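Colleague: Have a look at this fold, sequence not included:
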């Protein structure tokens with residue numbers, strides 16, 4: 001992270017914050033840590049945004065080709081292998097961002 005940079009925690013983490021050190025480097029480099037919004041609009045944006053506007057904006061940007069959402073899919077697996085897909089996501093988080101289950105069998 002660069003000086004005065006921002007780290008966004010994009011997920012929900014279980015358990016303790018093991019390995020998170022908020023000591024000297026954190027303070028001297030003025031790092032900001034924020035959480036991403038999961039299924040909600042940030043309270044400070046609530047006077048300008050709501051869930052409907054957020055969804056419409058995402059669909060419009062995706063439809064215009066301004067968002068490359070397909071690049072976020074790391075694997076497509078048949079629904080019959082759903083248990084394998086979940087196990088893989090649990091064990092191999094570094095290589096799998098999003099797995100899509102296909103119902104075309």
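Modeller: Nice, I can see it. None of the values given here were measured: they were computed from a predicted structure.

Colleague: can we go C-alpha only for contacts and neighbour counts from here?
Modeller: Will do.

Colleague: Give me the residues contacting the helix or strand encompassing residue 62.
Modeller: Using DSSP states H and E, residue 62 falls within helix 51-63. Here helix 51-63 makes contact (CA atoms under 8 Å, 6 or more residues apart in numbering) with 40, 41, 67, 68, 69.

Colleague: from the residues you listed, which is closest to residue 11?
Modeller: residue 40 (13.2 Å; CA to CA).

Colleague: The closest one in helix, strand or coil?
Modeller: Here residue 40 is recorded as coil under DSSP: H, G, I helix; E, B strand; the rest coil.

Colleague: Name the nearest residue to it, sequence neighbours excluded.
Modeller: Excluding its sequence neighbours, the residue lying closest to residue 40 (CA to CA, 6 or more residues apart in numbering) is residue 51, at 6.7 Å.

Colleague: Number of residues surrounding residue 85?
Modeller: 20 (other CA atoms under 10 Å).

Colleague: Just confirm it contacts residue 77, I think it does.
Modeller: Yes: assessed by CA atoms under 8 Å, residue 85 is found in contact with residue 77 at 7.2 Å.
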